[in-house]
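**Q** this is a predicted model, with the sequence first.
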Amino acid sequence: MTCRYLLNFSFVCLLLCCFVIDSCLNAACAQTAHKKRKIFISASGKDSYAGSKSKPWQTLQRLKNTKLFPGDEIYLQAGKTFFGSLELNESNRGSKKFPITITSYGEGKATIGGGNVTAITLDKTKFVSIKNLIIKGNGRNNGNSGRGIYISNASNIEVSGIEVSGFQKSGIEVENSSDIQIKNVRAYNNGYAGIAITGDQFPKFSNYRIYIGYCKAENNPGDPTELKNHSGNGIVVGLTANAVVEYCVATNNGWDMPRKGNGPVGIWAWESDSVVIQHCISYRNHTSPGSMDGGGFDLDGGVTNSLVQYNLSYENEGYGFGIFQFNGATPWHHNTYRYNISFDDGNTTVHGASVLWWNGSKDSSQFHDCFFYNNVLYNSKGYALGVIPGEYINNHFFFLNNIIVAKDELMSGDKIVTEEFYGNDWWSLDSKFKMNGDTDFLKWSKLTGMEKLSGKQVGVNVNPGFVKSTLPAIEDPTKMHHIQNFRLLPNSVLRNCGIDLNKLFDIEYPKKDFFGNDIQKGKGVEPGVFEMD
């Protein structure tokens, strides 16, 4: 008994020792994994070196063959180009406290030359930060068939301070991912889009909590291999729940889409919920000759509970603001456009106008509940409003307290049938008022019932009285609220005019108008906030 007892006791002690040793090793490993490891890559280095700043590696291939741990920081020498591609997968993950970072060191930015393929792929990874780099491909027409940065099935990814160009698909593309931040990115000379959020399970949401801020998407002309659908977009958000696009610019996109048909847009969303597009500028975007779109902003098929506010659209070939439902999309509903300005948009495409809407679903229950209020639509060359002929029956489409100015005829396409217009100012530069041939505003209002609320005339037909009704080239979204253009003169009859949207439609006003003025009931404020005393 004594021997057995001693043997058992010894065995237990051995197990305890092993447990303690194993615990200590695990703790040491965890500590080592979370200890920041700085790896340097320089054109003058060698892959046989240790990877330190004084003994850097030389190529991306050396990095591709290295397992990365939470807290690792990769530094590429600024001013130098490193050819090849990088891929971080599920075996290369950071943590919330210790993300993996890939960036530049020295003055300026390092360049990753992706050649004909995707330069950086983040697949099934998380907590990764890509910062302050230039990403270049060989060109959409010169052999590249990939993307600049491709984020797939990943989460908690930050992309900031990036210049990306020369890729046939998108400069940055996100698919089936969540908690993604894209900031201070310039995406240009790409094919399909500057920045694209998409998925592979239409119409299900594939992405959650996407932020795109302070980015510029310019001169993304079109994908030469895409012959069945649009390409040449600036920023497009699809199959996403909860997204914010703010302080972004889209310009000169879409001019080389290789087909006729539905076209690209500067900044837009489709099949998404709870998208906010705000404080952005979309101007001088294009589409292929004879095609549609080429617009500034758009909430397209299947978008719900979304908001477009404080944006400026000007001189786009297509509409300034699009309101569309395509056949096969899930229902489009409960979307709002407010405090936006459109200037001289839509003078190239068919049915072009400052704002254009269309229901391609042939089902009124698929397209309902839109509030379009306190916007300025000014078109000195064409139409302010446009409806694409067809099945466009809409339920609860309200256009409220807008300033609507056109060169002559105010609206293109079919006559207004089911939309409701209240509290708007209508003005034709050539004819004072002209709607479907009618030149008498009051007669038109009585005949159609538009601008009549409980038997009272609530709309007006007056010259708005702007400080300036032209627009300089504005390219910085952070400064556009300082412009004098389209502010109301002190003696404008539109001051303290309009209907009370809160009282009549239960609409909660935001704190500011387009120009940053406080919105206070009963006080003269800038365009789009026409409140009654």
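**A** Looks like it arrived, so ask away.
**Q** ok, Tyr319 to Val159 distance?
**A** Tyr319 sits 30 Å away from Val159, taking C-beta to C-beta, to the nearest Å as the criterion. From N, CA and C alone the C-beta is placed, and that goes for glycine too.
**Q** and Pro472, by the same measure?
**A** For Pro472, the distance to Val159 equals 32 Å [C-beta to C-beta].
**Q** okay, now the residue nearest to Ile39 when sequence neighbours are not counted: neighbour count?
**A** Nearest-residue entry for Ile39: Gly51, 4.5 Å, with adjacent residues in sequence omitted and distances by C-beta to C-beta, 6 or more residues apart in numbering. Counted by other C-beta atoms under 10 Å, the residues lying close to Gly51 total 20.
**Q** try Gln457
**A** Neighbour tally, Gln457, other C-beta under 10 Å: 12.
**Q** in this structure, what helix or strand scores lowest on average pLDDT?
**A** Lowest by mean pLDDT, DSSP states H and E among the helices and strands of the chain is helix 2-34, with a mean of 40.
**Q** my guess is Ile210 meets Leu239, correct?
**A** No - contact status for Ile210 versus Leu239: not in contact, 10.5 Å apart, counting by C-beta atoms under 8 Å.
**Q** overlap of the contact sets of those two?
**A** Ile197 (C-beta atoms under 8 Å, 6 or more residues apart in numbering).
**Q** per-domain residue ranges of the protein.
**A** When the chain is parsed with automatic domain parsing, its domains come out as 35-116+125-137, 169-486.
**Q** from the chain's centre, how far out does the longest one sit?
**A** Just to be clear, that refers to domain 169-486. Offset of domain 169-486 from its chain centre (C-alpha atoms, centre = their mean, to the nearest Å): 12 Å.
**Q** re earlier: tell me the spacing between the residue nearest to Ile39 and Thr81.
**A** 19 Å.
**Q** what does Ala193 give?
**A** For Ala193 relative to Thr81 (C-beta to C-beta), the value is 24 Å.
**Q** give me the neighbour count for the residue nearest to Leu400 when sequence neighbours are not counted.
**A** Leaving aside its sequence neighbours, Leu400 sits nearest to Tyr373 (C-beta to C-beta, 6+ apart; 3.9 Å). Residues contacting Tyr373 under the criterion other C-beta under 10 Å number 25.
**Q** contacting residues around Tyr373?
**A** By C-beta under 8 Å, 6+ apart, the neighbours of Tyr373 are 336-338, 398-402, 501, 507, 528.
**Q** reformat the residues you listed as JSON lines; add pLDDT.
**A** What follows is the contacts of Tyr373, written out as JSON lines (pLDDT from 0 to 100):
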{"residue": "Thr336", "pLDDT": "98"}
{"residue": "Tyr337", "pLDDT": "98"}
{"residue": "Arg338", "pLDDT": "97"}
{"residue": "Phe398", "pLDDT": "95"}
{"residue": "Phe399", "pLDDT": "96"}
{"residue": "Leu400", "pLDDT": "95"}
{"residue": "Asn401", "pLDDT": "94"}
{"residue": "Asn402", "pLDDT": "96"}
{"residue": "Leu501", "pLDDT": "91"}
{"residue": "Ile507", "pLDDT": "92"}
{"residue": "Gly528", "pLDDT": "42"}
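**Q** helices - which of these land there?
**A** Leu501 (DSSP state H).
**Q** out of the contacts of Tyr373, who has the most neighbours?
**A** Asn402 (30 neighbours).
**Q** returning to that earlier point: more neighbours: which of Ala193 and Thr81?
**A** Neighbour comparison, Ala193 and Thr81: the larger count goes to Ala193, with 32 against 13 (by other C-beta under 10 Å).
**Q** show me what contacts the more buried one?
**A** Contacts of Ala193 by C-beta under 8 Å, 6+ apart are 169-171, 173, 187, 217, 220, 231-236, 253, 264.
**Q** let's see the pLDDT reported for it.
**A** What the model reports for Ala193 is a pLDDT of 98.
**Q** ok, and the closest non-adjacent residue to it?
**A** Ala193's closest residue in space is Asn233 (C-beta to C-beta, 6+ apart), at 4.0 Å.
**Q** that neighbour contacts Pro264, doesn't it?
**A** Yes - using C-beta under 8 Å, Asn233 is in contact with Pro264, at 4.3 Å.
**Q** give me the common contacts of those two.
**A** With C-beta under 8 Å, 6+ apart as the test, Asn233 and Pro264 both reach 193, 253-254.
**Q** pick the most deeply packed of the domains of the chain.
**A** Stretch with highest mean neighbour count among the domains of the chain: domain 169-486 (a mean of 22; mean count of other C-beta atoms under 10 Å).
**Q** end to end on that domain, go ahead and measure it.
**A** One end of domain 169-486 sits 38 Å from the other (C-alpha to C-alpha, to the nearest Å).
**Q** remind me which residues of the chain are low pLDDT?
**A** 1-34, 390-394, 414-417, 520-533 (pLDDT under 70).
**Q** could you pull out the helices for it?
**A** 2-34, 60-64, 441-448, 501-505.
**Q** and Glu475, how far is that from Tyr378?
**A** Counting by C-beta to C-beta - Glu475 and Tyr378 are separated by 19 Å.
**Q** pull the contacting residues for Phe127.
**A** Applying C-beta under 8 Å, 6+ apart, the residues near Phe127 are 70, 93-96, 98-100, 155-157.
**Q** from Ser152, how far out is it?
**A** For Phe127 relative to Ser152 (C-beta to C-beta), the value is 16 Å.
**Q** again with Gly301
**A** For Gly301 relative to Ser152 (C-beta to C-beta), the value is 24 Å.
**Q** try Trp332
**A** 27 Å.
**Q** residue contacts, the residue lying closest to Ile162 once chain neighbours are set aside?
**A** For Ile162, ignoring the flanking residues on the chain, the nearest one in space by C-beta to C-beta, 6+ apart is Val185 at 4.8 Å. Residues in contact with Val185 (C-beta under 8 Å, 6+ apart) are 159-164, 171-172, 195, 215-216.
**Q** now swap in Tyr378 and tell me
**A** Contacts of Tyr378 (C-beta under 8 Å, 6+ apart): 341-344, 354, 384, 403, 405, 469, 486.
**Q** report how many residues lie close to Arg495.
**A** Residues lying near Arg495 (other C-beta under 10 Å) number 18.
**Q** distance of it relative to Asn485?
**A** 17 Å.
**Q** for Val355, same thing?
**A** According to C-beta to C-beta, Val355 and Asn485 sit 19 Å apart.
**Q** what's the answer for Thr348, then?
**A** Counting by C-beta to C-beta, the gap from Thr348 to Asn485 is 22 Å.
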